[in-house]
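[1] build the 3D model from these lines:
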Amino acid sequence: AHQAEAINAARQGYHVMVSTSTASGKTICYNVPVLEAVLENPHSRALYLYPTKALAQDQLRTLTELTSYPGLKRIQVGTYDGDTPTNVRSRLRKSAAILLSNPDMLHLGILPNHNLWANFFRHLRYVILDEAHVYRGIFGSHVACLMRRLWRVCALYGAQPQFILSSATIANPGELAARLIGMEAVVVEKDGAPQ
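    Take a look at the predicted model:
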């Protein structure tokens, strides 16, 4: 039920914060709207941000499997981090519909070079912040400032992406989402996963 609620809120254009238990299927809450957007408009782009490179690599496997099905094979997915070879970085910048990265790479490698990323930012439809409960304290403040920088760069290129955040169950998901992205988000926290 929480997946349907989150997907429908995203389809209606709202920023969404999904805060349900571990292994409750939160990934579906953002993969479905992103894949739908790319299928509807092949120019659409999505930026998935994870707190660690290992988590991004794990999610890359899931997305690679998802996009191996007929009808989804043309959707290019890749990770852009400190381990990404230079020649692959250029290809991802030009053609990846879904780019997986981390806040540090966004801060150091992507936003300062936004002119090289103009096409990506112009078509950026979704920004995904996974494991949002990790973004607290000083790290959370850094990510909140980074999201505001990202928003300004997107505005420069005429884009207004939707944010979808996912988090383990926390006491204040709406407040955390608003502090991170600087905007209100629809909160989905009634866990419909089987127990």
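[2] list the contacts of residue 125.
    Residues near residue 125 by C-beta atoms under 8 Å, 6 or more residues apart in numbering: 34, 37, 41, 44-46, 159, 161-162. Where you see a C-beta, it was placed from the backbone N, CA and C, and this is true even at glycine.
[3] does it lie in a helix or a strand, and which?
    strand 124-129 (DSSP states H and E).
[4] where in the protein is pLDDT low?
    195 (pLDDT under 70).
[5] ok, the nearest residue in space to residue 74 that is not next to it in sequence to residue 106 distance?
    Excluding its sequence neighbours, the residue lying closest to residue 74 (C-beta to C-beta, 6 or more residues apart in numbering) is residue 42, at 7.3 Å. Distance of residue 42 to residue 106, computed by C-beta to C-beta, to the nearest Å: 23 Å.
[6] the two: which is more packed in?
    The neighbour count for residue 42 versus residue 106, taken as other C-beta atoms under 10 Å, is higher for residue 106 (22 against 11).
[7] next, the more buried one: secondary structure please.
    Classification of residue 106 by DSSP: H, G, I helix; E, B strand; the rest coil places it in helix.
[8] picking up where we left off before, so which of the contacts of residue 125 wins on neighbours?
    Neighbour counts for these, by other C-beta under 10 Å, peak at residue 46, which reaches 28 neighbours.
[9] ok, back up a step: in its sheet, which strands sit next to the strand holding residue 125, and in what direction?
    Paired strands of strand 124-129, with direction, are strand 45-49 (parallel), strand 162-167 (parallel) (DSSP bridges).
[10] and the next helix or strand after the shortest one, what does it pack against?
    Using DSSP H and E, the next helix or strand after strand 45-49 towards the C-terminus is helix 53-66. Applying 3 or more C-beta pairs under 8 Å, 6 or more residues apart in numbering; DSSP states H and E, one finds that helix 53-66 contacts helix 26-40, strand 77-79, strand 98-101.
[11] what are the buried residues along helix 53-66?
    53, 55-56, 59-60, 63, 66 (16 or more other C-beta atoms under 10 Å).
[12] starting at the chain centroid, how far to it?
    How far helix 53-66 lies from its chain's middle: 13 Å, per C-alpha atoms, centre = their mean, to the nearest Å.
[13] could you do stretch 78-85 as well?
    So, by C-alpha atoms, centre = their mean, the centroid of stretch 78-85 is 16 Å from its chain's centroid.
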